[in-house]
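S.K.: Okay, sequence plus prediction incoming.
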Amino acid sequence: MKVNKADKKKLNIIGFFVSVLLFFLVIGAFVNGASAFSGKARSEGDVTLRNAIARATVQCYAIEGRYPPSVEYLEEHYGIQIDRKRYHVFYEGFASNIMPDITVIPAEE
């Protein structure tokens, strides 16, 4: 079977468009996956931060014999880092021997 020049040119053009279409489909899938991952990480960030603050609070109690007076104390002495633009942290302690109430709320964007 012989393929003439016109048919060969058509096949090349069709192959080119199929390649471009597949390229954009792969790029779209990548962008969609990255967006989904970013959204999940953002939604779980507040839980991760709350757990880190709770661990540092318990560590402080184990080392010093009292719960820390504030989150700022944890930042200064126990290496907690809070992105204040992304999260609001409420740390309410009743007494130095009672575990404080820790609430982390994502800031409105």
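M.R.: In hand now; what should we look at? Residues are numbered from 1 along each chain as shown.
S.K.: Can you report how many residues lie near residue 28?
M.R.: Using other Cβ atoms under 10 Å, residue 28 has 10 neighbouring residues. Quick note: C-beta positions are derived from backbone N, CA and C, even for glycine.
S.K.: That one - that's part of a helix, no?
M.R.: Yes: inclusion of residue 28 in a helix is indicated when DSSP: H, G, I helix; E, B strand; the rest coil is applied.
S.K.: Can you tell me how far it is from residue 38?
M.R.: Per Cβ to Cβ, to the nearest Å, residue 28 is found 16 Å from residue 38.
S.K.: Next: residue 103.
M.R.: In terms of Cβ to Cβ, residue 103 sits 24 Å off from residue 38.
S.K.: Next: residue 64.
M.R.: 38 Å.
S.K.: just checking, what packs against the worst-scoring helix or strand of the chain on mean pLDDT?
M.R.: Using mean pLDDT, DSSP states H and E, the weakest-scoring helix or strand in the chain turns out to be helix 5-64, at a mean of 86. With contacts taken as 3 or more Cβ pairs under 8 Å, 6 or more residues apart in numbering; DSSP states H and E, helix 5-64 sits against helix 71-78, strand 87-92, strand 101-106.
S.K.: tell me the angle of the first one relative to helix 5-64?
M.R.: This points to helix 71-78. 90 degrees (axes from the mean of the first three to the mean of the last three Cα atoms, to 10 degrees).
S.K.: Equivalent analysis for the last one, please.
M.R.: Relative orientation of strand 101-106 with respect to helix 5-64: 160 degrees, computed using the same axes, to 10 degrees.
S.K.: Give the pairing partners of strand 101-106; include direction for each.
M.R.: Sheet pairing of strand 101-106 (DSSP bridges) gives strand 87-92 (antiparallel).
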